[in-house]
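1. sequence and predicted structure, then a few things I'm wondering about:
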Number of protein chains: 2
Amino acid sequence: MKRVMCIPNYSEGRDLDVVEKIADCFRAKENIKLLDYQPDADHNRTVVEVIGEPKAVIDAVIESVKVATELIDMSKHKGAHPRMGAVDVVPFIPITETDTEECVEFAKEVGKAIGDMGIPVYLYEDAATKPERKNLAKVRKGQYEGFFDKIKEEEWKPDFGPQEMNEKSGATAVAARFHLVAFNVNLDTPNVEIADKIAKTVRHIGGGLRFVKAIGLSLEEKGQTQVSMNLVNFEKTAIYQALEMVKSEAKRYGVTVVNTELIGLLPLQALIDSAAYYMQIDGFSSEQVIETMLIGE
Amino acid sequence: MKRVMCIPNYSEGRDLDVVEKIADCFRAKENIKLLDYQPDADHNRTVVEVIGEPKAVIDAVIESVKVATELIDMSKHKGAHPRMGAVDVVPFIPITETDTEECVEFAKEVGKAIGDMGIPVYLYEDAATKPERKNLAKVRKGQYEGFFDKIKEEEWKPDFGPQEMNEKSGATAVAARFHLVAFNVNLDTPNVEIADKIAKTVRHIGGGLRFVKAIGLSLEEKGQTQVSMNLVNFEKTAIYQALEMVKSEAKRYGVTVVNTELIGLLPLQALIDSAAYYMQIDGFSSEQVIETMLIGE
């Protein structure tokens, strides 16, 4: 079965009645599974994680947009997290038997439906129609309040919907992107400059690995530091490559790796790729993992 | 959900009508999944792999025993593989939320039901009632033809059923055991003595790792040799431990590892344990693997 993940973000994290009504759009539906939803009161925002058959996910997302735009009034919204709409972002991520190209189509289908509700829509990441719209931070710059002016600029004409801000619902950004692996490497030095130098060497913008974003952080209570990485395409830049490059750079400072952390969800294949490297496994398939035989039973 | 795997072996691999009738016992049943069944004409034997909720698996196995004992006549059976009954062996393996101890109970339940059908039953591996019954090869020694005498010996009194051979159905061996990981390490030497020496050092009976069985093999067409291992308890002796010990022994002969092979199915945890070792991953849980969230959806 084709499966996509979708992680829509809604600008409501305090009124739990509203949050439950949004979550209801994804609950007890055929061919769709609500993995998680976390209302955050400080951010006044809820991140929903669903996975399922693309059509079922698309329908549920569109239903949730109707619910959210009815119940959330952006003209009264306050919260710590940057946001521009009641339904702020809707990224689609390929999981099984599908790819980023198809997810771009799903993003466009949802984007058009939201546009047809009178809400300006911007496509970002792999669905972006212009290079300057790839980066969500750039798209969302100015936020809800700034968009009333920003939307009038020709270069910020929406991909779908009116070229006019929706006062109640704001604007929405819809994307297709690859699954992001959050991978931290902890170093046995309290010197954050070292972690920072390693991060700058390993990451793409510093001349390092193509699909790695990285920063150096201090872990003060442990007396350690961390190279905190986002691997934005684990198929092309694998976890082991990032780890081995950090280790190799750490050597010049006489620093070693204490341990590592994989944060949040990751696809089985990301784990298999790195296990296969270290164990030199030839011809291993994810179908050999018993758990994969139980999916959708 | 509790899940066990069961790999019953039936002494019919030529009459595909019979094989399908046996497979039907596991097909389209609630809470049970038929993973595979492979009739082998040379062995005149079919190995069925099922996974599911214990009660559902037990019921289906008992149903299959009724079908097999009706349709298979051991007094006419010929085949290359050692065998003693129409339903030859029935091993239960813990998969999720269950353990070997519980599988011993499942083995006893099935054993009793088969015994009540007038078929002598022997419990082996972790379900064995005597140390000399742990090893299947010892239990099955003499095979169907030899069992008419063997069963009369006091030490071979069956665990269930009559102390008398069932001429049509033979005898059946039922077990609980841990999932076995078949792991091969290929070496860049054509000298099989080296592979053999390494195997003997790494395996349990040679003073090596507690849950490793190993032999050295020649891979003539490749000009390589292989340490072929069965890891009989991957929780206590992990794949990486076996690999690292082979590598460390190979060093004394100036031999290196070309690659490795993981054969057949293995549980996700077996892979995670070794990936976590090589990548020094702290606190990783199998629930972070997206695919596990799709099980039983």
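-> Yep, it's here. Since the structure is predicted, the reported quantities are computational estimates derived from the model, not experimental observations.

2. go ahead and confirm residue A:259 touches residue A:184.
-> No: contact between residue A:259 and residue A:184 fails when scored by CB atoms under 8 Å: they sit 9.2 Å apart. Backbone N, C-alpha and C define where each C-beta goes, glycine included.

3. stretch A:193-205: how far from the chain's middle?
-> 22 Å (CA atoms, centre = their mean, to the nearest Å).

4. in it, what counts as buried?
-> By neighbour count, with 16 or more other CB atoms under 10 Å in any protein chain shown as the criterion, the buried positions of stretch A:193-205 are A:194, A:195, A:196, A:197, A:198, A:199, A:200, A:201, A:202, A:203.

5. mean confidence for it?
-> Averaged across stretch A:193-205, pLDDT comes to 97.

6. and if you look at stretch A:79-92?
-> 94.

7. follow-up on the earlier one: any chance of the buried residues of stretch A:193-205 in TSV, plus secondary structure and distance to residue A:134?
-> As requested, the buried residues of stretch A:193-205 are exported to TSV (DSSP: H, G, I helix; E, B strand; the rest coil; distance: CB to CB, whole Å):
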residue	secondary structure	distance to residue A:134
A:194	helix	31
A:195	helix	28
A:196	helix	26
A:197	helix	28
A:198	helix	26
A:199	helix	22
A:200	helix	22
A:201	helix	24
A:202	helix	22
A:203	coil	17
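
8. take the residues you listed and lay them out in a markdown table including distance to residue B:7.
-> Conversion of those to a markdown table gives the following (distance: CB to CB, whole Å):
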| residue | distance to residue B:7 |
| --- | --- |
| A:194 | 52 |
| A:195 | 50 |
| A:196 | 54 |
| A:197 | 54 |
| A:198 | 48 |
| A:199 | 49 |
| A:200 | 53 |
| A:201 | 50 |
| A:202 | 46 |
| A:203 | 48 |
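
9. for those, which one is nearest residue B:34?
-> Distance to residue B:34, by CB to CB, is smallest for residue A:202 among the buried residues of stretch A:193-205, at 46.9 Å.

10. hang on, isn't that closest one packed against residue A:214?
-> Yes: using CB under 8 Å, residue A:202 makes contact with residue A:214 at a distance of 5.2 Å.

11. need the overlap of contacts for those two.
-> Residues touching both residue A:202 and residue A:214 by CB atoms under 8 Å, 6 or more residues apart in numbering or on different chains: A:208, A:227, A:229.

12. and residue A:8, what does it touch?
-> Contacts of residue A:8 by CB under 8 Å, 6+ apart are A:47, A:48, A:50, A:61, A:64, A:87, A:89, A:90, A:91.

13. quickly find the element holding the first one.
-> I take that to be residue A:47. Element membership of residue A:47 [criterion: DSSP states H and E] is strand A:45-52.

14. quick check: next helix or strand after that strand?
-> Of the helices and strands lying after strand A:45-52 in sequence (DSSP H and E), the nearest is helix A:54-71.

15. that older thread, neighbour-wise, give me the winner out of the shared contacts of residue A:202 and residue A:214.
-> In terms of neighbours by other CB atoms under 10 Å in any protein chain shown, the shared contacts of residue A:202 and residue A:214 top out with residue A:227 at 32 neighbours.

16. neighbours of the closest residue to residue A:54 other than its chain neighbours, how many?
-> Excluding its sequence neighbours, the residue lying closest to residue A:54 (CB to CB, 6 or more residues apart in numbering or on different chains) is residue A:4, at 5.0 Å. Using other CB under 10 Å, residue A:4 has 24 other residues around it.

17. what ranges does chain A have for its strands?
-> For chain A, applying DSSP state E gives strands covering A:3-6, A:9-10, A:32-40, A:45-52, A:87-96, A:121-125, A:172-176, A:181-187, A:212-219, A:224-231, A:257-263.

18. which of these comes out lowest on mean pLDDT?
-> Among those, strand A:32-40 has the lowest mean pLDDT, at a mean of 91.

19. contact residues of the stretch 1-150 of chain A facing chain B?
-> Neighbours of chain B within the stretch 1-150 of chain A, by CB under 8 Å from any CB of the partner chain: A:3, A:5, A:33, A:35, A:51, A:95.

20. quick check: the fifth one touching residue A:1?
-> In this case it means residue A:51. No: using CB under 8 Å, residue A:51 makes no contact with residue A:1, being 10.9 Å away.

21. looking at these two, which one has more neighbours?
-> Of the pair residue A:51 and residue A:1, residue A:51 is the one with more neighbours under other CB under 10 Å, namely 25 against 14.

22. quick one, what contacts the more buried one?
-> Residue A:51 sits next to A:3, A:4, A:5, A:6, A:32, A:33, A:35, A:57, A:95, B:290, B:293, B:294 when contact means CB under 8 Å, 6+ apart.

23. ok, the residues you listed vs residue B:151, which is closest?
-> Nearest to residue B:151, judged by CB to CB, of those is residue B:294 at 47.9 Å.

24. find me the pLDDT at that closest one, would you?
-> 84.

25. quick one on the thing from earlier: may I see the shared contacts of residue A:202 and residue A:214 arranged in TSV, with distance to residue A:285 as well?
-> Compiled in TSV, the shared contacts of residue A:202 and residue A:214 are given as follows (distance: CB to CB, whole Å):
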residue	distance to residue A:285
A:208	30
A:227	31
A:229	27
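
26. adding distance to chain B, write these out as CSV.
-> Listed next are the shared contacts of residue A:202 and residue A:214 as CSV, based on distance: CB to the nearest CB, whole Å:
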residue, distance to chain B
A:208, 18
A:227, 13
A:229, 13
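
27. return the residues of the stretch 151-297 of chain A in contact with chain B.
-> Counting by CB under 8 Å from any CB, the stretch 151-297 of chain A sits next to chain B at A:179, A:186, A:239-240, A:243, A:257-262, A:264-268, A:271-272, A:274-275, A:278-284, A:286, A:288-297.
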